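Asker: Please find the sequence and the predicted model below.
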Amino acid sequence: MFSSHTIDVMKLQQVELRYGTRKILSQLTTEIHPGEFIFLIGPSGSGKTSFIRTLVGELAPISWEVIDNEGRNLYQLKPRELAQYRRKIGVVFQDFKLLDNKSVKDNVIFAMEVSGYPDSIIQKRLPEVLTEVGLLSKKEALVETLSGGEAQRIGIARALIHNPDIIIGDEPTGNLDPENAKEIMMIFERLHKEGKTIVISTHDSLLVDGMRKRVIEFGKNTIVRDENPGNYTK
């Protein structure tokens, strides 16, 4: 059920993206290599979320390339191929996007059922992803009884169901207190050490400065700084 296809290099060349006449991204060129840990920073409205949606294949810019081990361009893929590509990327959101009246277990099962996994695969994969995020002992707990940090761990578990190469977090600690935010970032760090590429957008300067990863800063709808390792401020 899990594809052996891997993403080698994601290469963006002179990307331009517009909503009508409004410019969202312009003259954006960069590369994301396997095994990197990258923070995306910059003010609200500078293009970080649009950049993420472009990576996932939701927004087609005027110019774009994804160079993988088959030399395929993301925005030239057939629907079936695009679906396979998206399974190699797990996305974690700021607002969790969970079913509050359901259990931890049911939230992960629901995500797998929507993806078309049979029950045999669900029963095998479920304890694996819950163990990965430290929630196996709370699998029967209702989401509404959990802390914000625990709820976000479910979000990460759901992002892991396809065993993706890349984990993308769109402000994944934005609704968390500093202690829970630190714990969530420790999970991302562990996933990174296991070989996954991590891309996280954030406004949390303490996390960025403390972890010393590659930093891509957005400003005026393009990349204005790319440093490795980098800080939140120059």
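Answerer: Cool, got the structure. Source: prediction; values computed, not measured.

Asker: Give me the below-cutoff pLDDT ranges for the chain.
Answerer: Along the chain, segments meeting pLDDT under 70 span 1-8, 61-72.

Asker: where along it do the strands fall?
Answerer: Using DSSP state E, the strands of the chain run over residues 10-19, 22-32, 37-41, 89-93, 166-170, 197-201, 214-219, 222-227.

Asker: now for those strands, which one comes closest to residue 157?
Answerer: strand 89-93 (9.6 Å; C-beta to C-beta). Every residue, glycine included, has its C-beta placed from N, CA and C.

Asker: Give me the helices and strands touching the closest one, please.
Answerer: Applying 3 or more C-beta pairs under 8 Å, 6 or more residues apart in numbering; DSSP states H and E, we find strand 89-93 packed against helix 48-56, helix 148-159, strand 166-170.

Asker: just how off-centre is it within its chain?
Answerer: 3 Å (C-alpha atoms, centre = their mean, to the nearest Å).

Asker: mind starting the numbering at 741 from now?
Answerer: Right, with 741 as the first residue, what we last looked at is strand 829-833.

Asker: Any idea what residue 906 is bridged to?
Answerer: In this structure, residue 906 bridges to residue 829, residue 937 when assessed by DSSP bridges.

Asker: can you list the helices and strands packed on strand 829-833 in a markdown table and add distance to residue 966?
Answerer: Output for the helices and strands packed on strand 829-833, formatted as a markdown table (distance: least, C-beta to C-beta, whole Å):
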| stretch | distance to residue 966 |
| --- | --- |
| helix 788-796 | 13 |
| helix 888-899 | 25 |
| strand 906-910 | 17 |
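
Asker: And the ones you listed: which comes nearest residue 842?
Answerer: Here helix 888-899 is closest among the helices and strands packed on strand 829-833 (C-beta to C-beta), at 9.9 Å.

Asker: between that closest one and strand 906-910, how big is the angle?
Answerer: For helix 888-899 against strand 906-910, the angle by axes from the mean of the first three to the mean of the last three C-alpha atoms, to 10 degrees is 140 degrees.

Asker: returning to that earlier point: would you tell me which of the helices and strands packed on strand 829-833 gets closest to residue 943?
Answerer: Nearest to residue 943, of the helices and strands packed on strand 829-833 and by C-beta to C-beta, is helix 788-796 at 9.6 Å.

Asker: okay, which residue is most central for the protein?
Answerer: residue 908 (1.3 Å; C-alpha atoms, centre = their mean).

Asker: For it, give me its contacts.
Answerer: Applying C-beta atoms under 8 Å, 6 or more residues apart in numbering, we find residue 908 in contact with 792, 795, 796, 829, 830, 831, 832, 939, 940.

Asker: Mind doing that once more with 6 Å?
Answerer: 792, 831, 939 (C-beta atoms under 6 Å, 6 or more residues apart in numbering).

Asker: now those as a markdown table including neighbour count and distance to residue 773?
Answerer: Below are the contacts of residue 908 laid out as a markdown table (neighbours: other C-beta atoms under 10 Å; distance: C-beta to C-beta, whole Å):
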| residue | neighbour count | distance to residue 773 |
| --- | --- | --- |
| 792 | 21 | 17 |
| 831 | 22 | 19 |
| 939 | 24 | 11 |
